[in-house]
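Visitor: Coordinates for the following, if possible.
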Amino acid sequence: MKILFYSSPSFTDCDFPLVKAFQELGHEVTYLIDMAPYNTKAGLCNVQKQKEQNGIFHATDYDELKIYEKYMDMSHVYIVNRTVKAESSWTSFLLVLEVIKLIKREKFDVLHTDMIFSMHKILLLFIGKWFLTIHDPAPHTGEISFKKTLFTKMAIKLSHRIALLNHLQLNNFCERYSLNPQRILVNRLGIYDNIRYFATPHVQQKTKNVLFFGRISPYKGIEYLCEAMMRVREHIPDATLTIAGNGNIYFDISPYEKQEWIDIQNKYISMQELATLLQQSTIVACPYTDATQSGVIMTAFSMCKPVVASNVGGLGETIKDGWNGRLVPPCDVNALSDALIDLLSDGNKIDEMAKHIEEDFFEGAYSWHSIAEKYIEFYKNN
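Guide: Predicted structure coming up:
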């Protein structure tokens, strides 16, 4: 099967393993990554200097992406390089026309995206039957906008079929957009195993370290984690916290900045840095106030790190409480601190959870091959 997969740097950490799985199953995949000046450092992309002309380039024309040649076949991976921020510009329109020409020339069997096309890119949805994977069926707290809502509705209406990544939000999604559930595939995310290629030997694990990583946004609930860790320290004096990610810190973090046992890295975290942080960590925390599914969890699981997370969105479909992590009610500082104390005080429990993660997510129904096969069946039946 000849597949076009069109996405953005933000989703490269989950797209790369999916594209790799398609390749390993014998399918021909052309993978387009839509890059603009504001997303050169996102997901697996850490581009230091963007090319100065619009166009479609081989991904490996960027030195920073050559490393992934060790991970998968990069010969049909391209950067759709947009040099201006404005999607509505004339040059952006011309770039969309280039993509349209490529699609018509190559005559793909399947057109698939996990982007919400906006502005000129909406034209792409008129040139074939698109399959659309939606990562966030409902907007996150603090991230609602008229533009995003409008283009999401348009993309859903114009796409041939839709895929979601958890079952729990299916009914609400169908009600929100007046959709027949028969039009929807529910698939899942696999582990973001590309992070393992950046791990280095002999990295020492920090003593009882809790790691939060990822984009900082109001729905991430970091303020509850900081407060919970103050209580954790009363019971486990050598517990530490690392907060690593880019974004505006939306609450008063000054009381926590004074704590020597909290390491705050408010910046873009490269894959090499993230791999080291994960190797050093004991457990990962996702204290979200709302969520869909979480790439953070799948990245943590790729390094066999148990996760303490809020029981929101589809997180409960990935984390089995007491098996590979702990689930707690959102915004509940006491429950969060109790779960952290439970794991940090029992190294054997953490080791058992790590074994369960490896057994469950590296093979079988949770693997990327299984996920890719489910997509292929969906394509064939529609």
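Visitor: If Ile264 is in a bridge, with which residues?
Guide: Residues in a beta bridge with Ile264, per DSSP bridges, are Ile243.
Visitor: Now do the same contact list for it.
Guide: Counting by CB atoms under 8 Å, 6 or more residues apart in numbering, Ile264 makes contact with 243, 253, 256-257. Yep, even glycine has a C-beta here, placed from its N, CA and C like the rest.
Visitor: Which pair of those spans the longest distance?
Guide: Greatest spacing in these, by CB to CB: Ile243 and Glu257 (10.2 Å).
Visitor: Tell me how far stretch 196-214 lies from the chain's centre.
Guide: 19 Å (CA atoms, centre = their mean, to the nearest Å).
Visitor: no, scratch that, I was asking about stretch 204-218
Guide: For stretch 204-218, the separation from the chain centroid amounts to 16 Å (computed by CA atoms, centre = their mean).
Visitor: can you pull out the helices in the stretch 101-250 of the chain?
Guide: 146-158, 170-177, 222-235 (DSSP state H, counting those that start in this stretch).
Visitor: Nearest to Ser337, out of these?
Guide: Among the helices of the stretch 101-250 of the chain, helix 222-235 comes nearest to Ser337, with 3.9 Å by CB to CB.
Visitor: So for that closest one, what gets flagged as buried?
Guide: Of all the residues in helix 222-235, those buried under the rule 16 or more other CB atoms under 10 Å are 222-229, 231-233.
Visitor: pLDDT of that helix, averaged?
Guide: For helix 222-235, mean pLDDT rounds to 94.
Visitor: Using the record's domain definitions, break this protein down for me.
Guide: 2-190+367-380, 193-364 (automatic domain parsing).
Visitor: how far does the longest one stretch from start to finish?
Guide: The distance separating the two terminal residues of domain 2-190+367-380, taken as CA to CA, to the nearest Å, comes to 12 Å.
Visitor: next one: that domain to chain centre, how far?
Guide: With CA atoms, centre = their mean, you get 13 Å for domain 2-190+367-380.
Visitor: now do the shortest one
Guide: Relative to the centre of its chain, domain 193-364 is centred 15 Å away, using CA atoms, centre = their mean.
Visitor: Model confidence at Leu18, what's the number?
Guide: pLDDT, Leu18: 96.
Visitor: Am I right that Ile184 is in contact with Asn166?
Guide: No - between Ile184 and Asn166 there is no contact, the gap being 11.5 Å when judged by CB atoms under 8 Å.
Visitor: Neighbour count for those two, which is higher?
Guide: Asn166 (22 against 18; other CB atoms under 10 Å).
Visitor: out of everything not next to it in sequence, what's closest to the more buried one?
Guide: Closest residue in space to Asn166, ignoring its immediate chain neighbours: Gly314 at 2.5 Å, by CB to CB, 6 or more residues apart in numbering.
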